[in-house]
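Engineer: Give the three-dimensional model of this entry:
(2 chains)
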Amino acid sequence: MLTTGPRGTKDILPDNSGHWQYVEKIIREVCHNFAYQEIRTPVFEHTELFLRGIGDTTDIVEKEMYTFTDRAKRSITLRPENTASVVRSYLENKLYSGPQPTKLFYIGPMFRYDRPQAGRYRQFHQFGVEAIGAQGPAIDAEVISLAVGFLNKLGLSELKLLINSVGCPNCRPVYRTKLQEFFREKLPHLCSDCQSRYDRNPMRILDCKNETCAEYSQGAPHMLDCLCEECSSHFAGLQELLTAAGIHFMINPRLVRGLDYYTKTAFEIQYSPLGAQSAVCGGGRYDGLIAECGGQPTPGIGFAIGVERVLLALEKQELLPKFTNAIDVFVAPLGTETRAAAFQLLTEMRRAGIAADMDFMNRSLKAQMKYANKYPAKYVALIGEDELAEQKVMLKNMETGSQELMDRSALVPMISEGMEK
RNA sequence: GUGGCUGUGGUGAAGUGGUUAACACGCCGGAUUGUGGCUCCGGUACUCGAGGGUUCGAGACCCUCCAGUCACCCCA
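Structural biologist: Here you go, the predicted structure:
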């Protein structure tokens, strides 16, 4: 259908583009406040980047990517998330040669072939942050603090910050084996998804919402009990910092992120009134990713926030500012003879920074007044035959209803002066 | 990928097999001379999501597809 957009896409119409601008403005303010700089990477990358970066057993890679072959037979994928791209750019542009850590943020569209539902689209937008090069827990705390700070600045409450540690290549295999041992005999009772998770990523069994699986995973060993010395102290350090900063959090040992590259810190911020799509922010540390992409081993941490979900939450809590289309002056020409003079006046006002519009529909004066009233327009500048002949303009104040005949040359100074007050 | 619900004008919606498809809002126009917000009047549906079928007759019943929506999965 020519008149229907592709499934799972949404137009941002004049009705709410102002809301997007508002959220983007807050994003930029908060990022500046935290000394993060904007990066803009392409919306498509070599498919290989996501296969390697995100992990080829993840749901995203297995069934949600928009992948196609370009005319030169290269496999290209629309980015399903932005961390891999940022890491690629960091390496390609040698950002590691600048002062460290490299602190970046981005806002932009991501693409996942999912079934659309409330708060979930095939093209959606993420605001995210990546801090590359620092390994201690302090940067973790900063990144989390930024996410929380952003959401708070928008006025959102009822937020839940969940944190966990998913270990590192030293301790995770140990844990993985323990988990597999724990589930070995229970395996036939688990759902089919979990049965396949058993081999590929047993940690995600813990995350299964299936009741039976949840029952069988009761008493499973926790990652937190299996952390190596380093991961353990990192996690403890993070908690200490968050507490010091007055950021409330809950430890959720079952929190597992869906992407393979996460190590140590994993976190999520939930806004439960959103229902099924309550995850507003997800992030974590990815100490192995940069090396995986061919760089020197370099630690990193970041998060992504779903802009549509934030907007839904703001709408729900009625936290969106009201926007107005109000203009200063509406120019109403009467008759075709006066159009040139009207257009000249309009242009003059616009050049002086006055928000102005005029009639383009050849409407009657009455209809023009109605139209001007809908903006609303503060003034209507009327030019009829009489005014045209005398170089005048009839200026009507739409709030008070009073009007006066004035020299056309006096109009711009008069309006400008009024605007400065 | 799986399941539930829905699909009538720009919008919200009546209509539950039988002549010209309610109503409200919006939009456009008008209510004697060049003037808005209130009121009044008028105009605004050549695919009732698409295609097939049942019937003398279908917007209404059946099938298929498509789309929206919600949920599962997963995630932002």
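Engineer: what's near enough to touch the residue nearest to A:Asn397 when sequence neighbours are not counted?
Structural biologist: Nearest non-adjacent residue to A:Asn397, counting by Cβ to Cβ, 6 or more residues apart in numbering: A:Tyr379, 5.9 Å away. Every residue, glycine included, has its C-beta placed from N, CA and C. For A:Tyr379, the contacting residues are A:Asp328, A:Val329, A:Phe330, A:Leu395, A:Lys396, A:Asn397, A:Met398, A:Ile415, by Cβ atoms under 8 Å, 6 or more residues apart in numbering.
Engineer: possible to save those as JSON lines with distance to A:Gly275?
Structural biologist: Shown next, in JSON lines, are these (distance: Cβ to Cβ, whole Å):
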{"residue": "A:Asp328", "distance to A:Gly275": "43"}
{"residue": "A:Val329", "distance to A:Gly275": "46"}
{"residue": "A:Phe330", "distance to A:Gly275": "44"}
{"residue": "A:Leu395", "distance to A:Gly275": "53"}
{"residue": "A:Lys396", "distance to A:Gly275": "50"}
{"residue": "A:Asn397", "distance to A:Gly275": "49"}
{"residue": "A:Met398", "distance to A:Gly275": "44"}
{"residue": "A:Ile415", "distance to A:Gly275": "49"}
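Engineer: Can you flag which of those belong to strands?
Structural biologist: Per DSSP state E, strands hold the following members of the contacts of A:Tyr379: A:Asp328, A:Val329, A:Phe330, A:Leu395, A:Lys396, A:Asn397.
Engineer: Save those as TSV, and put in distance to A:Leu104 and pLDDT too.
Structural biologist: As requested, the ones in strands among the contacts of A:Tyr379 are exported to TSV (distance: Cβ to Cβ, whole Å; pLDDT from 0 to 100):
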residue	distance to A:Leu104	pLDDT
A:Asp328	40	94
A:Val329	43	95
A:Phe330	45	95
A:Leu395	51	95
A:Lys396	52	95
A:Asn397	50	94
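Engineer: biggest separation within these, which pair?
Structural biologist: By the measure Cβ to Cβ, the ones in strands among the contacts of A:Tyr379 have their two most distant members at A:Asp328 and A:Lys396, which lie 12.9 Å apart.
Engineer: show me the contacts for A:Asp267.
Structural biologist: Residue A:267: Phe, not Asp. For A:Phe267, the contacting residues are A:Ile144, A:Leu161, A:Leu162, A:Ile163, A:Asn164, A:Phe249, A:Leu255, A:Cys281, A:Gly282, A:Gly283, A:Gly284, A:Phe303, by Cβ under 8 Å, 6+ apart.
Engineer: avg pLDDT for the host helix or strand of A:Phe183?
Structural biologist: A:Phe183 belongs to helix A:172-184 when assigned by DSSP states H and E. Mean per-residue pLDDT for helix A:172-184: 86.
Engineer: Please work out which residues outside it touch it.
Structural biologist: If you take Cβ under 8 Å, 6+ apart as the criterion, helix A:172-184 is touched by A:166-167, A:190, A:198, A:202-203, A:205-206, A:216-217, A:219-221, A:223, A:226, A:263.
Engineer: when you scan it, is anything in it near RNA strand B?
Structural biologist: No: taking Cβ under 7 Å from any atom of the strand as the criterion, helix A:172-184 and RNA strand B are apart, separated by no less than 14.6 Å.
Engineer: Now that helix: buried residues?
Structural biologist: If you call a residue buried by 16 or more other Cβ atoms under 10 Å, then helix A:172-184 has these buried ones: A:Arg172, A:Tyr175, A:Arg176, A:Lys178, A:Leu179, A:Phe182, A:Phe183.
Engineer: what's the angle from the helix or strand just after that helix to helix A:172-184?
Structural biologist: Per DSSP H and E, helix A:172-184 leads on to helix A:192-200 as the next helix or strand towards the C-terminus. Put simply, helix A:192-200 runs at 140 degrees to helix A:172-184, going by axes from the mean of the first three to the mean of the last three Cα atoms, to 10 degrees.
Engineer: Can I get helix A:192-200 in CSV, CA atoms only?
Structural biologist: The C-alpha coordinates for helix A:192-200 follow below in CSV (Å, rounded to 0.1, in the frame of the first residue of the first chain):
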residue,chain,number,x,y,z
SER,A,192,11.7,-25.9,24.9
ASP,A,193,13.3,-22.5,24.9
CYS,A,194,15.1,-23.3,28.1
GLN,A,195,16.2,-26.7,26.8
SER,A,196,18.0,-25.0,24.0
ARG,A,197,19.3,-22.3,26.4
TYR,A,198,20.9,-25.1,28.5
ASP,A,199,23.7,-25.5,26.1
ARG,A,200,24.0,-22.1,24.6
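Engineer: what helix or strand does the residue lying closest to A:Asn252 once chain neighbours are set aside sit in?
Structural biologist: Distance criterion Cβ to Cβ, 6+ apart; nearest residue to A:Asn252, sequence neighbours excluded, is A:Leu162 at 4.2 Å. Assigned by DSSP H and E, A:Leu162 belongs to strand A:159-165.
Engineer: tell me the contacts of A:Pro6?
Structural biologist: A:Arg122.
Engineer: what helices or strands is the helix or strand hosting A:Asp15 leaning on?
Structural biologist: Assigned by DSSP H and E, A:Asp15 belongs to helix A:14-33. Judged by 3 or more Cβ pairs under 8 Å, 6 or more residues apart in numbering; DSSP states H and E, the packing partners of helix A:14-33 are strand A:37-38, strand A:102-111, strand A:123-132, helix A:137-153, helix A:307-316.
Engineer: swap the cut-off to 7 Å and go again
Structural biologist: strand A:102-111, helix A:137-153, helix A:307-316 (3 or more Cβ pairs under 7 Å, 6 or more residues apart in numbering; DSSP states H and E).
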